[in-house]
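Chemist: structure for the following, please:
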Amino acid sequence: MAITVHPEAKALIFDLDGTLSNSLPVHVETWKVVGKKYNFDFDPNIIHEMTGRPTIEFAKRIIEQYNVDEQPEILVRMKQQAFWDAAHLLQPIDEVISIVKNYHGKLPMSVGTGASGKSAEVQLKELGIRDYFDFVVSADDVQKHKPHPETFVKCAELMGVEPQLCQVFEDGDLGISAAKEVDMFVTDVREHIVYGDWAMTENK
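Modeler: Here you go, the predicted structure:
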């Protein structure tokens, strides 16, 4: 069944990682780069569990779980640089991007992501879709991150549309909870996407 836009939706909000960008394999590999330096074997299930959280929270979780003697900000910088360097490996999620292209110019659209502002811009430009979006709200733009709805509410405010008339496309449980909290229309894109062998393997 194809992904559809709700007939009452007046604006569209898209998560980025795992929704527009099949970036999770790249995130796993770049966290493994960090792990190699600090002698821990990164567990990909952390990404599935924490999808939607800002990178600093991943870093804090890793420090606690693997007893890493380092400041979280240092891990974040190392991980983000490795991710930016590997941006050419990112793949688009065509099932979702087709919605973006079909509704460009018809409804206002924005991206609401837990990624940093630079990581969001790097991904959107690499995928060739930055110009389709009126606004990008990143982890740098809010005080409270998913599952708090601030990211999506800010998207709605920037687009000038009531939250209840916005439709959110998400792949993360935290983001889905955030959208539901403010009564947005929500589409769980995971029901419509085949992410590939990596995702199937990691979820076994």
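
Chemist: all contacts plus neighbour counts: C-alpha atoms, from now on.
Modeler: Noted.

Chemist: now the host helix or strand of residue 95 - C-alpha only, PDB.
Modeler: Secondary structure assigned from DSSP states H and E places residue 95 in helix 94-103. What follows is helix 94-103, C-alpha atoms only, in PDB (Å, rounded to 0.1, in the frame of the first residue of the first chain):
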ATOM      1  CA  ASP A  94      12.200   7.000  -2.700                       C
ATOM      2  CA  GLU A  95       8.800   6.000  -1.300                       C
ATOM      3  CA  VAL A  96       8.800   9.100   0.900                       C
ATOM      4  CA  ILE A  97      10.600  11.500  -1.500                       C
ATOM      5  CA  SER A  98       8.000  10.800  -4.100                       C
ATOM      6  CA  ILE A  99       5.400  12.400  -1.700                       C
ATOM      7  CA  VAL A 100       7.800  15.400  -1.400                       C
ATOM      8  CA  LYS A 101       8.100  15.900  -5.100                       C
ATOM      9  CA  ASN A 102       4.400  15.400  -5.800                       C
ATOM     10  CA  TYR A 103       3.300  18.000  -3.200                       C
END
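
Chemist: and residue 42, that's in a helix?
Modeler: No. Under the criterion used here (DSSP: H, G, I helix; E, B strand; the rest coil), residue 42 is coil, not part of a helix.

Chemist: just say helix, strand or coil for residue 84.
Modeler: Secondary structure of residue 84, reduced to three states by three-state DSSP: helix.

Chemist: ok, it - contacts?
Modeler: Taking Cα atoms under 8 Å, 6 or more residues apart in numbering, we find residue 84 in contact with 119, 122.

Chemist: show the end-to-end separation of stretch 170-189, please.
Modeler: Looking at stretch 170-189, the gap from its leading to its trailing residue is 6 Å under the measure Cα to Cα, to the nearest Å.

Chemist: in it, which residues are buried?
Modeler: Neighbour-count burial for stretch 170-189 flags 170-179, 182, 184-189 (criterion: 16 or more other Cα atoms under 10 Å).

Chemist: ok, the closest residue to residue 96 other than its chain neighbours to residue 59 distance?
Modeler: Distance criterion Cα to Cα, 6 or more residues apart in numbering; nearest residue to residue 96, sequence neighbours excluded, is residue 20 at 6.0 Å. Distance, residue 20 to residue 59, by Cα to Cα: 23 Å.

Chemist: comparing these two, which shows the higher neighbour count?
Modeler: Remark: of residue 20 and residue 59, residue 20 carries more neighbours, 27 against 22, as counted by other Cα atoms under 10 Å.
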